[in-house]
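> 3D model of this:
(chains A and B)
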Protein chains: 2
Amino acid sequence: MSQPKIVVLGAGYGGLTTVAKLQKKLGVNDAHITLVNKHDYHYESTWLHEVAAGTLHHDRGRMKITDLINSAKVNFVQDTVTAIKPDEKKVELTNGVLEYDYLVVALGFEAATFGIPGLLENAFTIGSINQSRLIRQHIEYQFAKYNNESVQKQERLNIVVGGGGFTGIEFLGELANRVPELCEEYDIDRSKVRLINVEAMDTIMPGFDPELIEYAMNSLEARGVEFKLGAFLKECRPDGITIEQNGVREDIPTLTTVWAAGVRANHLVEESSLEDNRGKVEVDANLRAPSHKDVFVVGDCALIWNKEIDRPYPPTAQIAMQEAEICAHNLIALIKGGELEEFEFINRGTVCSLGEKDAMGSIFGGKKLFGWSASVMKKVIDNRALFKIGGVGLVLKKGKFNIFG
Amino acid sequence: MSQPKIVVLGAGYGGLTTVAKLQKKLGVNDAHITLVNKHDYHYESTWLHEVAAGTLHHDRGRMKITDLINSAKVNFVQDTVTAIKPDEKKVELTNGVLEYDYLVVALGFEAATFGIPGLLENAFTIGSINQSRLIRQHIEYQFAKYNNESVQKQERLNIVVGGGGFTGIEFLGELANRVPELCEEYDIDRSKVRLINVEAMDTIMPGFDPELIEYAMNSLEARGVEFKLGAFLKECRPDGITIEQNGVREDIPTLTTVWAAGVRANHLVEESSLEDNRGKVEVDANLRAPSHKDVFVVGDCALIWNKEIDRPYPPTAQIAMQEAEICAHNLIALIKGGELEEFEFINRGTVCSLGEKDAMGSIFGGKKLFGWSASVMKKVIDNRALFKIGGVGLVLKKGKFNIFG
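Residues are numbered from 1 along each chain as shown, chains lettered A, B, ... in the order given. A predicted model of the protein is given here:
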C-alpha cells in the first residue's frame, strides 16, 4: 500500500509547527512528508523588527531547518514555490514539480501597499531576514554618510515608520533604543534624529486597552518618537513622503520609510484556483479549503472569522501555531483514522514590546501588564514559540533570558 | 615681558608630537601655546585602513585631544583652518583669527587624484575617521543589498583598490580577512566577491626588497586578491572603472573604488604665500619655511630631500614624528636660547601589515621580517607611536597587544 504524500509549503510558524507535530505522531511508514521552503532556515518573523533596528543579530532569530526536522520522516526541499495547482494536485517550484495527496499552504504574508504611489518602489518592509538586515544597514549607512557631506542632509536622519500597529510600534521601541548608539558611533547629536510614526487611525494599537495605548505612547515619546495620528500617507518618494493630516498636506524629507501598516497573504494563494476572500482562503472549521478538501491552509494565508466581533482574526504567530496543531491533528486523522477537530482560537493574551526593557499587553482573561513584567512575559511568549518548533533544545540555544538586562 | 605665541595647526602625528614635547620642556610662563584642530580628537591615521575595512573600531584609534594635552600649558581650539597668512603672522579659522610669533604647520595630507576623470566624485579615500567608517559601512551595505534584488549585481561584490603602495596593500590585507565575515553575515559565497588591486607600476610596494614583495603578493593572492599591475586607471564612474593594461582597455563593474594611490599636502599650503614645491614647503635644515623663518612645517606638508637616492622622503608617520621632535627642540631654543638642531632622518625600518596576523618589512639595518614576527613588530611600531603622543598611559589604553590573536 502506497504512503500518502503530504506536502507542506513554508517553514514559518504555521508550516514548521505542523511538521513538528506530524513527525512526532506519525511513523516512518505512515506518510511521505515533504517540507518546501525558499531558504534553508526558519526565522522568527515576530523578531524581525529587532533585526531591522539592529538590536538583535539575525542569527539569533533563525535556525537551520535540517536541525529542526527528523530527516528519517521529513524530506526537506529548498526551493521557491511558483504556483499552486490544486485541480491537478500539484505544486510548481522553480526547479521542479511536487505531487501531493494532502497539501498544507503556510506561505505567510507579504506587504500590502494599498496602491499608495511610490510605496512599493521606495519603502522598506520588515518581511524577511534579507529585508530586515538591509533596513539595519540602510539606516546605519545614512548615519555614516551624514558627517561626510559639506551640506548635511536632514533626510538621512529622519526615519519614518508607516503604521501604528504591532510591527510598527515594536520596531519604534527598538529604534528608540538603537538611535542613541548610532549617534555615538557616528558623532551625531541625538536631537538631530527624528523618529516619526505615521498612522491613519486616530490611535496606535487599535483594539488595545486605552490605558495600555497611553503607556506605549508615553514610553516612546519619552525616547523621542513623534506620532502623526489620523495622518494618511499620500506618496512615498526616494527622498521623502507626503502625508495628509486634518486636511493639511505636509512633506517630510526622509531616505528611510519603513512600511509596517499592512500585510496580505502570499500572492500565490490569490493566483491559484483556491477560492479566496481578499487574497486569503476562508477555511472551513477543519482548516481546509472549501473548494479543495485535500488542501489545508494555516497562518497568514487563512481567513477565520471571529464571530464575537464579526471580523476576521488578525494574522499572528499565536493563531498560526494553534491552527498548525489542529491541521496536523486532522491530517493524522485522515491518514490513520479518527475524528477531525474543529479549530477554535484560544486567546492567550498579547504583549507588545517597546524595546529591550519595556512592553505592555494583556494576558489570560484581560489582566494588563506594563513595563518590566510585560517585557518578561514577552520573552516567555517568544521562548514558547521556540519550544513549539524545536523543543527545549531550541529554547536553550536561541531563547531570550536576559530579563534583568 | 610678553610670552611668545606658538600656534600649532593640526593634531596629527606631527602637530601632537610637537605639542607633547613643548609642554614637557616649557614652563607655564615660557610661551603661550595654542593647538588648532578640526575635530576634538586625534586619530592614528596609519590605522585608518583597518577602520575602513571594518577590522578595527575607530574608537580604538582615536583619542580626545584634551586627554593628551596639559591644559595649564596648551590652549586647544577646535576649529577649521581656512587660510594661512604668513606675511601678516596670522591664521584664519572658520570662527576667528589667531596671531602668532611662531607657527607650526602640521596639516597633513589629502588625496591626490591626478585629474583622473570621475575619481574625485566617485571614489572613496582613506583620509579621516569619517571617511573610513563610511567606507566600512558602504561595503557592508552593498553586501546587505545583494540578496535583496531579483537580479543580483556583481558590481556590489567587486571592490577595487587603486594603488599598490603602503595604504592600498595594508587595506587589502584587512579586507581579505574581513570579506569572509561579511559573506557569512549576508549569506553570500566567498567565491563571488572580487578584491582587485590596480597599480600603475609593474610591482606593488616599490622600493621594497623583491623577496618581501613576493611574500606580500602570495599572502594576499592566497586570500583571493587579484593584482592588476602596470594597469592605469583611466576613468572612475559611479558603477565601474576603466583600466588600461598592456594597451588593452578593460571595464570593471564596481560600486566601491577606494583610491589609495596618491596623497598631496593639505591645499592650504599651496594657497598660502609660503614658497612651495609641488604643494609642499621645502623646509630648511631646521624645518623652517625658507621664505618665513618663523614658520615651521612638519609631516606631510614638508618636503625634505633624501640625498642618498636624490628623491624626497615619502610622507610617513615615522618621519613626521622625528621632524616634530626637532621642530619642538628648535622652538624651545628660539624662546629660551640654545642651538638650533638640523633634521636628519633615522630609518628605523618599515613594516607593512597584511592583516591581523601577517606582515612583512625590514628593520634596523635591513633585516627582513615575515609573517608573525613582522606582525608583532608592526604592533610594536603602532604602540611606539602612541607612546610618543600620550606616554605609557595611552599605550595601555589603546595599544595593540593581541600578538597571539
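> tell me the centre residue of chain A?
By Cα atoms, centre = their mean, chain A has its centre lying nearest to residue A:45, at 4.4 Å.
> for that one, give me its contacts.
Going by Cβ atoms under 8 Å, 6 or more residues apart in numbering or on different chains, residue A:45 touches A:12, A:13, A:108, A:127, A:317. Glycine gets a C-beta too; all of them are placed from N, C-alpha and C.
> neighbour-wise, give me the winner out of the residues you listed.
Neighbour counts for these, by other Cβ atoms under 10 Å in any protein chain shown, peak at residue A:13, which reaches 29 neighbours.
> what does that one show for phi and psi?
Backbone torsions of residue A:13, given as degrees, to the nearest 10, read phi -60, psi -50.
> who are the packing partners of the biggest helix by length in chain A?
Counting by DSSP state H, the longest helix found in chain A is helix A:371-398. Using 3 or more Cβ pairs under 8 Å, 6 or more residues apart in numbering or on different chains; DSSP states H and E, the elements in contact with helix A:371-398 are helix A:13-25, strand A:62-64, helix A:65-68, helix A:317-336, strand A:349-353, strand A:359-363.
> quick one: closest of the ones you listed to residue A:252.
Nearest to residue A:252 among those is strand A:349-353; the distance by Cβ to Cβ comes to 24.9 Å.
> rounded mean pLDDT for that closest one, please.
On average, the pLDDT along strand A:349-353 is 90.
> direction included, what does it pair against?
If you go by DSSP bridges, strand A:349-353 pairs up with strand A:359-363 (antiparallel).
> just the CA atoms of the partner strand, as CSV, please.
C-alpha atoms of strand A:359-363 as CSV (Å, rounded to 0.1, in the frame of the first residue of the first chain):
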residue,chain,number,x,y,z
ALA,A,359,6.5,46.3,26.9
MET,A,360,2.7,46.4,27.5
GLY,A,361,-0.1,44.0,26.9
SER,A,362,-2.8,41.8,28.4
ILE,A,363,-2.8,38.1,29.3
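> what number of residues lie near residue A:26?
Look at residue A:26: counted by other Cβ under 10 Å, it has 20 neighbours.
> how near is it to chain B?
32 Å (Cβ to the nearest Cβ, to the nearest Å).
> quick one: low-confidence parts of the stretch 301-405 of chain A?
Filtered on pLDDT under 70, the stretch 301-405 of chain A yields the residue ranges A:403-405.
> in it, what residue comes closest to chain B?
residue A:398 (17.5 Å; Cβ to the nearest Cβ).
> does that residue touch residue A:386 like I think?
Yes - counting by Cβ atoms under 8 Å, residue A:386 is a contact partner of residue A:398 at 5.8 Å.
> and for those two, which residues touch both?
Counting by Cβ under 8 Å, 6+ apart, nothing touches both residue A:398 and residue A:386.
> backbone phi and psi for residue A:198, please?
Taking degrees, to the nearest 10, you get phi -110, psi 120 for the backbone angles of residue A:198.
> quick one: the helices in the stretch 201-350 of chain A, in order.
For the stretch 201-350 of chain A, the helices defined by DSSP state H, counting those that start in this stretch occupy A:210-222, A:267-271, A:317-336.
> how about those helices in CSV, adding distance to chain B?
Below are those laid out as CSV (distance: least, Cβ to the nearest Cβ, whole Å):
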stretch, distance to chain B
helix A:210-222, 26
helix A:267-271, 15
helix A:317-336, 23
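> around chain B, pick out the residues from the stretch 51-200 of chain A.
The stretch 51-200 of chain A has residues A:130-131, A:133-134, A:136-138, A:140-141, A:144-145, A:147-148, A:185-187 near chain B, with proximity defined as Cβ under 8 Å from any Cβ of the partner chain.
> which ones among the residues you listed map onto helices?
Among those, the ones falling in helices (DSSP H) are A:130, A:131, A:133, A:134, A:136, A:137, A:138, A:140, A:141, A:144, A:145, A:185.
> hmm, back to that, distance of the residue nearest to the centre of chain A from residue A:16?
In this view, residue A:45 and residue A:16 are 11 Å apart by Cβ to Cβ, to the nearest Å.
> same check on residue A:120?
Residue A:120 is 29 Å from residue A:16, by Cβ to Cβ.
> neighbour count winner among those two?
The neighbour count for residue A:120 versus residue A:16, taken as other Cβ under 10 Å, is higher for residue A:16 (26 against 13).
> hmm, back to that, closest to residue B:220 out of the helices and strands packed on helix A:371-398?
Using Cβ to Cβ, these put strand A:62-64 closest to residue B:220, at 33.1 Å.
> listing partners with orientation, what would you give for the closest one?
The partner list of strand A:62-64 in its sheet, established with DSSP bridges, is strand A:41-43 (antiparallel).
> tell me the confidence at residue A:1?
Residue A:1 is assigned a predicted lDDT (pLDDT) of 53.
> about what we covered before: of the residues of the stretch 51-200 of chain A next to chain B, keep whichever come out buried.
A:130-131, A:133-134, A:136-138, A:140-141, A:144-145, A:147, A:185-187 (16 or more other Cβ atoms under 10 Å in any protein chain shown).
> any stretches of chain A with poor pLDDT?
A:1, A:403-405.
> outline the domain layout of it.
A:5-38+A:79-111+A:264-346, A:113-261+A:347-405 (automatic domain parsing).
> give the contact list for residue A:156.
Residues near residue A:156 by Cβ under 8 Å, 6+ apart: A:142, A:143, A:145, A:146, A:255.
> and if you look at residue A:172?
Contact partners of residue A:172, counting by Cβ under 8 Å, 6+ apart, are A:161, A:195, A:197, A:220, A:225.
> now the buried members of those residues.
With burial judged by 16+ other Cβ under 10 Å, the buried subset of the contacts of residue A:172 is A:161, A:195, A:197, A:220, A:225.
> need the contact list for the closest residue to the last one other than its chain neighbours.
In other words, residue A:225. Once flanking residues are discounted, residue A:225 sits nearest to residue A:195: 4.7 Å by Cβ to Cβ, 6 or more residues apart in numbering or on different chains. Listed by Cβ under 8 Å, 6+ apart, the contact set of residue A:195 reads A:159, A:161, A:172, A:175, A:176, A:179, A:224, A:225, A:226.
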